[in-house]
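Peer 1: let me see the structure of the following:
(one chain, ligands or ions: 1)
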Amino acid sequence: MSEEAINYPVPDAAMKGAHVSGMPAYLKLVAEADVDLGAYWARLAREFVSWKTPFTQSLDESGAPFFKWFEDGTLNASYNCLDRHVERGRGDKVAILFEADDGQVSRVTYSDLLARTCRLANALKARGVKKGDRVVIYMSMSVEGVVAMQACARIGATHSVVFGGFSAQSLRDRIAGAGAVMVITADEQLRGGKQLPLKAIVEEAMTLGGCESIKDVIVYRRTGGQIAWDASRDRWMHEETEKQGDTCEPEWVGAEHPLFLLYTSGSTGKPKGVQHSTGGYLVQAAVSTTWTFDLRDEDVFWCTADIGWVTGHTYITYGPLAIGATQVVFEGVPTYPDAGRFWKMIQDHKVSVFYTAPTAIRSLIKAAEASEAVHPRSYDLTSLRILGSVGEPINPAAWEWYHQHVGGGRCPIVDTFWQTETGGHMITPLPGATPLVPGSCTLPFPGIAAAVVDETGNDVPHGQGGLLVVKKPWPGMIRNIWGDPERFKVSYFPPELKGYYLAGDGSIRDAKTGYFTITGRIDDVLNVSGHRMGTMEIESALVSCTALVAEAAVVGRPDETTGETICAFIVLKGPRPTGDEARKIATELRNWVAKEIGPIAKPKDIRFGDNLPKTRSGKIMRRLLRSIAKDEAITQDTSTLENPAVLEQLMERN
Ligand code: PRX
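Peer 2: Numbering: from 1, shown residues only. Here you go, the predicted model:
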């Protein structure tokens, strides 16, 4: 690696005592995986995970791309996350430092968490939930949310967590898609001082049809707010768990047993249920939590993600608990009661490793620049040792601010690239080994065969952009799309790419260092505040408003704070509206999308035209729409456009 391209060498303090200390140690791991990938991961699987029955084979490629890892081994994820720490005499260690929206703090030890998990697991069994059943969890950030996931894992039920910001319709689709037997929810959630409905949305989902498989709805009482109650189906969590004992023999499952489904957006059709395994996933979660965050026994880790997303699965519920760490779980939002909340919590809980999203950082920069009181320098952040970033590209300016003002110039930033499908980190610095370049996620995690190739799967030279692929399987990888193996093959292992895993992102490697930079999605997937949204999904939601909408096209527009925003171009059934009328209909359509998908999918910008720009063969010219959304001068050739006059209409903002 050339010296001049590296902006931030590894600080001595970060290298000292690190799990992976120094570049030679990183390269040694990479070489070990190169020599024998199966043996490398098998070694880690034995070191990091406790098996009931040891596996005899590591990687099975015979059914590629349906790869299997550690298949004849048996284990239980919740045993690994809870019991084994208690058995090793660490039951009194704090597992979760929970801070509620209103600032109340509670501490849950590993022994407590085990007992709570067992009680709920027993309650689920008493309600008839069995190994292999699917359970939907629609919860806010809470200890109970983590317990619900662990309880499912304990009895071999496959959980499918649905983010609390999704609508009744989305919830219904996920319940129906998974054929779930139970929903675990809360009466309401508390965020930013507001009580927001959860149970009421479950109720609404149930009326939409397709949820007949649900036998019970278990409700955690969070706020005590008024909710509708169906005595034939609804049960209070505290009443169900009170009756239960606090031990529960774990259900030992095969390594390939599906631990969870997590729905995520693709470029076409409805969201897909990404299916993860138990053994391989847990190995990846435990190893990456340890190495990427260099987590040590005395650390206080805080991942600000929601358990509704994959980051909350791997780096809250499974990774940190699997390795017996202490972590903060936060119910609220970064801006309540003010935008100093994150910094105050780091100070109060002496957080040493902090993991958040660039959108949060960018919005907190704005707030800090406006008010000294919420600037990180107004807080004592000296407990911090390592910072992390996830979910979207972090622009160098935000990186530098994070480094200087949050990390005091001394904390390495791990910019972790990965996806719902990958289960764990794919390309990321290791804080004690990798020199940093702002804006680059640097080098592959040891054992991950990431590469940049052209459309036929051939490597492109460094310095040239291409498709990001992973050439060899890894333990935490997606196993299937629930109920749709064909879509799994087509989406992730297209035949022209030589059997490589296609991430769906573009990437470029630095000519000198080989460092990876992610250049954004190559498909019609948007990333809004680190949330993944399919443009087609939003388009279908819009055209399902059949009373108003004739045609819709959705594109992303770069945004300084949220990365991208959603911009929708609409042709109405009636005449094209202008002025107040246009604004009124735009609001109606936004609310419609919120109802169909969830508030996170609301288009920020809605424009109306008599038509959409199309080629003579009738294809919507999305590239052109992207330029219009950005208010750019049109440089594309519009001579093939059937209806050039609509461009001016679509340039008009509402
Ligand atoms: O486009 C990449 C972006 O987020 C996508 C994955 O989204 P999701 O499955 O929701 O998982 C998010 C949390 C892991 C990727 O295809 N992405 C994620 N991390 C980064 C990123 N883009 C750039 N840099 C990152 N560190």
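
Peer 1: does stretch 426-441 reach the ligand?
Peer 2: Yes. For stretch 426-441, a contact with the ligand is found by Cβ under 6 Å from any ligand atom, at Cys441. Using the backbone N, CA and C atoms, a C-beta is placed for each residue, glycine as well.

Peer 1: so what's the residue count around the closest residue to Gly423 other than its chain neighbours?
Peer 2: Excluding the flanking residues, the one nearest Gly423 by Cβ to Cβ, 6 or more residues apart in numbering is Gly476, at 2.8 Å. Gly476: 29 surrounding residues under other Cβ atoms under 10 Å.

Peer 1: Gly476: which element?
Peer 2: Under DSSP states H and E, no helix or strand contains Gly476.

Peer 1: got a list of what it touches?
Peer 2: Contact analysis of Gly476 by Cβ atoms under 8 Å, 6 or more residues apart in numbering lists His276, Gly280, Tyr281, Val283, Gln284, Ala285, Ser288, Thr314, Thr422, Gly423, Gly424.

Peer 1: adding neighbour count and pLDDT, write those out as JSON lines.
Peer 2: Shown next, in JSON lines, are these (neighbours: other Cβ atoms under 10 Å; pLDDT from 0 to 100):
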{"residue": "His276", "neighbour count": "28", "pLDDT": "98"}
{"residue": "Gly280", "neighbour count": "31", "pLDDT": "98"}
{"residue": "Tyr281", "neighbour count": "27", "pLDDT": "99"}
{"residue": "Val283", "neighbour count": "30", "pLDDT": "98"}
{"residue": "Gln284", "neighbour count": "33", "pLDDT": "98"}
{"residue": "Ala285", "neighbour count": "32", "pLDDT": "98"}
{"residue": "Ser288", "neighbour count": "28", "pLDDT": "98"}
{"residue": "Thr314", "neighbour count": "29", "pLDDT": "98"}
{"residue": "Thr422", "neighbour count": "26", "pLDDT": "98"}
{"residue": "Gly423", "neighbour count": "30", "pLDDT": "98"}
{"residue": "Gly424", "neighbour count": "31", "pLDDT": "98"}
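
Peer 1: out of these, which sit inside strands?
Peer 2: Among the contacts of Gly476, the members found in strands (DSSP state E) are His276.

Peer 1: mind listing which of the contacts of Gly476 are in helices?
Peer 2: Judged by DSSP state H, the subset of the contacts of Gly476 located in helices is Gly280, Tyr281, Val283, Gln284, Ala285, Ser288.

Peer 1: ok, the fifth one to Val135 distance?
Peer 2: Taking Cβ to Cβ, to the nearest Å as the measure, Ala285 and Val135 are separated by 20 Å.

Peer 1: Three-state assignment for Gln57, please.
Peer 2: Assigned by DSSP: H, G, I helix; E, B strand; the rest coil, the conformation of Gln57 is coil.

Peer 1: for it, the count of nearby residues, please.
Peer 2: Number of residues near Gln57 (other Cβ under 10 Å) recorded here: 13.

Peer 1: could you do the one 10 residues further on as well?
Peer 2: By the criterion of other Cβ under 10 Å, Phe67 has 22 neighbours.

Peer 1: report pLDDT for it.
Peer 2: Looking at Phe67, its pLDDT reads 98.

Peer 1: next: Ala633.
Peer 2: 83.

Peer 1: how many residues are close by it?
Peer 2: Residues within reach of Ala633, counting by other Cβ under 10 Å, total 6.

Peer 1: mind listing what's buried along stretch 474-487?
Peer 2: Judged by neighbour count (16 or more other Cβ atoms under 10 Å), stretch 474-487 contains these buried residues: Trp474, Pro475, Gly476, Met477, Ile478, Arg479, Asn480, Ile481, Trp482, Asp484, Arg487.

Peer 1: got it, and stretch 105-115?
Peer 2: Using 16+ other Cβ under 10 Å as the test for burial, stretch 105-115 gives Val108, Thr109, Tyr110, Ser111, Asp112, Leu113, Leu114, Ala115.

Peer 1: contacts for that stretch?
Peer 2: Identification of contacts with stretch 105-115 by Cβ under 8 Å, 6+ apart yields 82-83, 85-86, 90-100, 116, 143, 146-147, 150, 246-247, 321, 324, 348-349.

Peer 1: next one: that stretch to chain centre, how far?
Peer 2: 25 Å (Cα atoms, centre = their mean, to the nearest Å).

Peer 1: what's the answer for stretch 435-443, then?
Peer 2: On Cα atoms, centre = their mean, the centre of stretch 435-443 falls 21 Å from the chain's centre.

Peer 1: report whether stretch 292-302 contacts the ligand.
Peer 2: No. Counting by Cβ under 6 Å from any ligand atom, the ligand has no neighbours in stretch 292-302; the shortest distance is 11.4 Å.

Peer 1: can I get the CA coordinates of that stretch in CSV?
Peer 2: Extracted C-alpha coordinates of stretch 292-302, given in CSV (Å, rounded to 0.1, in the frame of the first residue of the first chain):
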residue,chain,number,x,y,z
THR,A,292,-14.7,-5.1,13.7
PHE,A,293,-15.4,-3.4,17.1
ASP,A,294,-12.4,-5.0,18.8
LEU,A,295,-14.8,-5.6,21.7
ARG,A,296,-13.2,-6.4,25.0
ASP,A,297,-14.8,-7.5,28.3
GLU,A,298,-14.8,-4.0,29.8
ASP,A,299,-16.3,-2.2,26.8
VAL,A,300,-19.7,-0.6,26.7
PHE,A,301,-21.0,-1.1,23.2
TRP,A,302,-23.8,0.9,21.7
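
Peer 1: tell me which residues in it are buried?
Peer 2: By neighbour count with 16+ other Cβ under 10 Å, stretch 292-302 contains the buried residues Thr292, Phe293, Asp294, Leu295, Arg296, Asp299, Val300, Phe301, Trp302.

Peer 1: same deal with stretch 9-16?
Peer 2: Of all the residues in stretch 9-16, those buried under the rule 16+ other Cβ under 10 Å are Val10, Ala14, Met15.

Peer 1: got the end-to-end distance for it?
Peer 2: Using Cα to Cα, to the nearest Å, the end-to-end distance of stretch 9-16 comes out at 14 Å.

Peer 1: give me the distance between that stretch and the centre of its chain.
Peer 2: Taking Cα atoms, centre = their mean, one finds the center of stretch 9-16 at 29 Å from the center of the full chain.

Peer 1: list of residues touching that stretch?
Peer 2: For stretch 9-16, contacts defined as Cβ under 8 Å, 6+ apart pick out 21-23, 294, 385-386, 410-412, 431-435.

Peer 1: buried subset of those residues?
Peer 2: For the contacts of stretch 9-16, a neighbour count by 16+ other Cβ under 10 Å gives the buried set as 21-23, 294, 385-386, 411-412, 431-435.

Peer 1: for the ligand, what is the nearest residue in the stretch 101-250 of the chain?
Peer 2: Phe163 (10.4 Å; Cβ to the nearest ligand atom).

Peer 1: the closest residue to that residue other than its chain neighbours and the ligand: what is the separation?
Peer 2: For Phe163, ignoring the flanking residues on the chain, the nearest one in space by Cβ to Cβ, 6+ apart is Gly308 at 2.9 Å. According to Cβ to the nearest ligand atom, to the nearest Å, Gly308 stands 11 Å off from the ligand.

Peer 1: give the contact list for Gly308.
Peer 2: For Gly308, the contacting residues are Val161, Val162, Phe163, Gly164, Gly165, Phe166, by Cβ under 8 Å, 6+ apart.

Peer 1: again, 7 Å this time
Peer 2: Neighbouring residues of Gly308 by Cβ atoms under 7 Å, 6 or more residues apart in numbering: Val161, Val162, Phe163, Gly164.

Peer 1: pretty sure the third one sits against Asp306.
Peer 2: Yes. Taking contact to mean Cβ atoms under 7 Å, the distance of 6.2 Å between Phe163 and Asp306 places them in contact.

Peer 1: restricted to strands, list the contacts of stretch 9-16.
Peer 2: Ile386.

Peer 1: can I get the contacts of stretch 9-16 in TSV with distance to Lys68 and pLDDT?
Peer 2: Converted to TSV, these look like this (distance: Cβ to Cβ, whole Å; pLDDT from 0 to 100):
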residue	distance to Lys68	pLDDT
Ser21	33	98
Gly22	34	98
Met23	33	98
Asp294	30	98
Arg385	37	98
Ile386	34	98
Arg410	43	97
Cys411	39	98
Pro412	35	98
Pro431	32	98
Gly432	33	98
Ala433	30	98
Thr434	31	98
Pro435	36	97
